[in-house]
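I need the structure of the sequence given here:
(2 chains)
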Amino acid sequence: MTHDEMTHDQTVARDGAREALLSALEPHLSPGAAGWLSEARERIAAAPEAAATALPAVGRRCGRGPLRAEGTGWDGWSVDDAARVVLLLELPCTGDALAARLTDLYRYGDAAERRGVLRALAVLDAELGDGALPLVHDALRTNDTRLVAAALGPYGGARLADHAWRQAVLKCVFVGVPLAVVDGLARRADAELARMMADYARERTAAGRDVPPDVAGFLDPPTAGTRSPESPESPDQKV
Amino acid sequence: MRIFDPHIHMSSRTTDDYERMHAAGVRALVEPAFWLGQPRTSVGSFVDYFDGLVGWEPFRAAQFGIRHHCTMALNPKEAGDPRCRPVLELLPRYLEKDGVVAVGEVGYDSMTPEEDEVFAHQLALAVDHDLPVLVHTPHRDKAAGTRRSLDVVRESGIAPERVVIDHLNEVTVGLVADSGCWMGFSIYPDTKMDEDRMVAILREHGTERMLVNSAADWGRSDPLKTRRTGEAMLAGGFTDADVDQVLWHNPVAFYGQSGRLVLDVPGEPTDSGALFAGNSVLRGGRA
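Have a look, this model is predicted:
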């Protein structure tokens, strides 16, 4: 990935995503917030360095509530996630230069900004190739459930190698990230992941601990789903 | 009792502390960037520390129902080390972050020319980024250090109501009261200040512009000293409203000047993050 011009398809992908996100954002933004967002987009399009000050301000400018966007593939997104992705889609670079820019924004971002960068990877997948994969690995090394969940979106789901992807799915179960957020779970789940889940269920049962319901789907015959909502057990903190 | 601890170093504390703090009424806090006991020797260690203050630590606090904010600065104890000086170039980027509600801790440790420079530079950063300032006063030669700090604040042109001068005692409180700056007190088990002396100071100087903190860190300290001060105030004849002013409204008013305080309860539906997914799961809310 060294090209510095976007292809027609890549431009179309950015435009389509931008339009859809802006229309999902519309009911959430006050006129002041909408004005700020559109101004920030112009600043970034003109000078990509402007993203370093715009991205951290998104939460206080646009809000942080849940994005109402059912059936769009943005389940679990917040308003600031969507607004950050809109801003990132303005970055006037592609390929390696885009990956370098996103890496810098992630490196010096707070947790919400890092999540925003991870959310943007799906739309930019074709432009980035594997160039942003180190960010996904970094997020999966944290124990911050917001980052782990965002790392397993469509970009990570498509590009993580098998072993890393299976470890990430198992980590979700450990830290309490619902497997519903794992993109392409049904498509990628394989016999090795099922074995890991079964071993995990055996370990929990041997310790007299309950087996998280999300593991049930991997067991044959199902023996899980024994955790009752009245007595939830804390997720493990050290994994 | 509703408590906002305006100065506590949670990175050095355990989850037991978070649980006890929540049970005692702590719902919000500010963690100032300071030194770690062990001096740092590179900018990279600061970057990782700052990342924790806007990343892992707020996440950890939220799991216990507490809102975490922070202040950022090159602290006075490390301001004289040339290996740490480049931190000043990184600060502008971090001072834009949502959870950063002031520049701090700045001020003096040994009152050297290097500390003068770094202090003045960071007061200018606070003006540029429209943030209040948390000023640490030195443990040694405190009265002289406090006077000199007030001079530097005055010269910087920053409005005094946007500055808190911290770690005050009976000798230094009067200087700061007259300056228009906020007055900060760190209530420790047996140094700096204790809760009964604090009550006497509140009786003499009133409850306005007063901030009471535990400053709990890796040294001998107690994260419940804010609560103990509230109890001592009630025993000393202050009203519930007085306690609420000192332990909640005052820190909210001071740090609220940043425009960046978030005081909703982590994990509640209004919170952005439903995305504190761990919490949703703990509540059995989301499959």
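
Report the separation between B:Arg93 and chain A.
When distance is defined by C-beta to the nearest C-beta, to the nearest Å, B:Arg93 is 5 Å away from chain A. C-beta: built from backbone N, CA, C; applies to glycine.

Spatially, what comes nearest to that residue if we skip its sequence neighbours?
In space, and not counting its chain neighbours, B:Arg93 is closest to A:Tyr108: 5.4 Å by C-beta to C-beta, 6 or more residues apart in numbering or on different chains.

so that neighbour makes contact with B:Leu91?
No - in terms of C-beta atoms under 8 Å, A:Tyr108 does not count as a neighbour of B:Leu91; the distance is 11.4 Å.

Using the three-state scheme, assign B:Val103.
What DSSP: H, G, I helix; E, B strand; the rest coil gives for B:Val103 is strand.

what about it, neighbour count?
31 (other C-beta atoms under 10 Å in any protein chain shown).

Does the nearest residue to B:Leu53 once chain neighbours are set aside have any beta-bridge partners, and if so which?
Closest residue to B:Leu53 apart from its sequence neighbours, by C-beta to C-beta, 6+ apart: B:Cys70 at 4.2 Å. Per DSSP bridges, the residues bridged to B:Cys70 are B:Glu31, B:Val100.

tally of neighbours for B:Cys70?
B:Cys70: 25 surrounding residues under other C-beta under 10 Å.

For chain A, name the helix or strand with the lowest mean pLDDT.
Using mean pLDDT, DSSP states H and E, the weakest-scoring helix or strand in chain A turns out to be helix A:213-216, at a mean of 89.

Return the residues of the stretch 1-150 of chain B in contact with chain A.
Residues of the stretch 1-150 of chain B lying close to chain A by C-beta under 8 Å from any C-beta of the partner chain are B:47, B:51, B:54-56, B:58-59, B:93-94, B:96-99.

These in helices, which ones?
The members of the residues of the stretch 1-150 of chain B next to chain A that map onto helices under DSSP state H are B:Val47, B:Asp51, B:Trp56, B:Pro58, B:Phe59, B:Arg93, B:Tyr94.

Identify the farthest-apart pair in those.
Greatest spatial distance among those (C-beta to C-beta): B:Phe59 and B:Arg93, at 20.4 Å.

burial count for B:Trp190?
In this structure residue B:190 is Asp, not Trp. Neighbourhood size, B:Asp190 [other C-beta under 10 Å]: 6.

oh sorry, the question was meant for A:Asp220
When neighbours are counted by other C-beta under 10 Å, A:Asp220 registers 9.

ok, now how distant is it from A:Val211?
The gap separating A:Asp220 from A:Val211 is 14 Å, by C-beta to C-beta, to the nearest Å.

Between B:Phe59 and B:Arg93, which is the more surrounded one?
Using other C-beta under 10 Å as the criterion, B:Phe59 and B:Arg93 rank with B:Phe59 on top: 21 against 17.

For that one, which non-adjacent residue is closest in space?
Of all residues not flanking B:Phe59 in the chain, A:Asp144 sits nearest, at 5.0 Å (C-beta to C-beta, 6+ apart).

One more: B:Arg2?
B:Trp248 (4.8 Å).

So for that neighbour, what's the pLDDT?
If you check B:Trp248, the pLDDT there is 98.

okay but B:Met72 is in contact with B:Val103, surely?
Yes - with contact defined as C-beta under 8 Å, B:Met72 counts as touching B:Val103 (6.7 Å).

Give the residues shared as contacts by the two.
Taking C-beta atoms under 8 Å, 6 or more residues apart in numbering or on different chains as the criterion, B:Met72 and B:Val103 both touch B:Leu91, B:Leu95.

Check chain A and tell me which residue is nearest its centre.
Chain A has A:Ala150 as the residue nearest its centroid, 2.1 Å off, counting by C-alpha atoms, centre = their mean.

now that one, what's its secondary structure?
Assignment for A:Ala150 (three-state DSSP): helix.

residue contacts, it?
Contacts were defined as C-beta under 8 Å, 6+ apart; by that measure A:Ala150 touches A:Arg114, A:Arg115, A:Leu118, A:Arg119, A:Ala139.

what about the second one, neighbour count?
Put plainly, it is A:Arg115. 27.

How about residues contacting the helix or strand where A:Ser23 lies?
Using DSSP states H and E, the element containing A:Ser23 is helix A:8-25. Contact with helix A:8-25 is made by A:6, A:37, A:62, A:67-69, A:72, A:74, A:79, A:82-83, A:85-86, A:89, A:94, A:123-124, A:126-127, as judged by C-beta under 8 Å, 6+ apart.

Next step: the residues you listed restricted to strands.
In strands, judged by DSSP state E, none of the contacts of helix A:8-25 are found.

ok, the residue in the stretch 1-150 of chain B positioned nearest to chain A - how many residues close by?
Here the stretch 1-150 of chain B gets closest to chain A at one residue, B:Val54, 3.7 Å apart by C-beta to the nearest C-beta. Using other C-beta under 10 Å, B:Val54 is surrounded by 25 other residues.
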